[in-house]
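Chemist: This is a predicted model, with the sequence first.
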Amino acid sequence: MHGIVHKTLKEYVVTRTDDDTWGTIVERSGLEPKLYLPVTHYDDGEIDAILETLSAMATQNRRAIERDFGRTLSPELLSTFNAHFRRDWDLPELLESLEAVTDDVDAATEGTVLPALSCHRESDAAVVTYESGRDTRYCGLAHGILDGIVAAFDADATVAETACADDGADACQFRVDLEA
């Protein structure tokens, strides 16, 4: 997984707790402490271990933590990969271009397994399909990232999950209702 995810997860935990709690989570996860670099690739197992430990220590389930973390991760992803989309796009234009943006980022980065994303427009909504391509699906994380994109665009829109791979669907699907 791309290092920006690991780096931002650490920042997410430390901001909500403190450095000592992060150290405890790393220790209980069976990981060695390290400095996460945003341009380095790390094993997905580290994210899984941290999220499982965080979930066990917190009062929220893992999916809720993933979604909340996704909201935090979204601005970091938009900033890191801003060269791959046009800055004058509005929210619907970015959503409609997710597949092309993901393909462009995939071509520009080595060693990262990116999700398969697609979007189709309906009259008042964008429907985003997400397929992780990983052993762990990260459905909550995808939901949170979409929430974060909506917030970053300061859009009057809502995100609702309409299908989930964890519940047996072929892929996760999210409806982004775009207010007129």
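Modeler: On my side now, so go ahead.

Chemist: Name the residues of the helix or strand harbouring Thr15 that are buried.
Modeler: Assessed by DSSP states H and E, Thr15 sits inside helix 3-16. Buried residues in helix 3-16, counted by 16 or more other C-beta atoms under 10 Å: 3-10, 12-13. Glycine gets a C-beta too; all of them are placed from N, C-alpha and C.

Chemist: okay, now Lys34: neighbour count?
Modeler: 12 (other C-beta atoms under 10 Å).

Chemist: measure it to Thr40 for me?
Modeler: 10 Å (C-beta to C-beta, to the nearest Å).

Chemist: thinking again about what came up before, sort out which residues of the helix or strand that comes right after the helix holding Thr15 are buried, please.
Modeler: For helix 3-16, the following helix or strand on the C-terminal side (DSSP H and E) is helix 19-28. Neighbour-count burial for helix 19-28 flags 22, 25-26 (criterion: 16+ other C-beta under 10 Å).

Chemist: ok, of those residues, which one's closest to Met57?
Modeler: Of all the buried residues of helix 19-28, Met57 sits closest to Ile25, with 6.8 Å by C-beta to C-beta.

Chemist: In this structure, where is pLDDT below threshold?
Modeler: By pLDDT under 70, the weakly predicted segments of the chain are 180.

Chemist: Helices of that one, start to end?
Modeler: 3-16, 19-28, 44-57, 62-80, 91-96, 98-108, 139-152 (DSSP state H).

Chemist: now Tyr36: how far from Asp43?
Modeler: Counting by C-beta to C-beta, the gap from Tyr36 to Asp43 is 12 Å.
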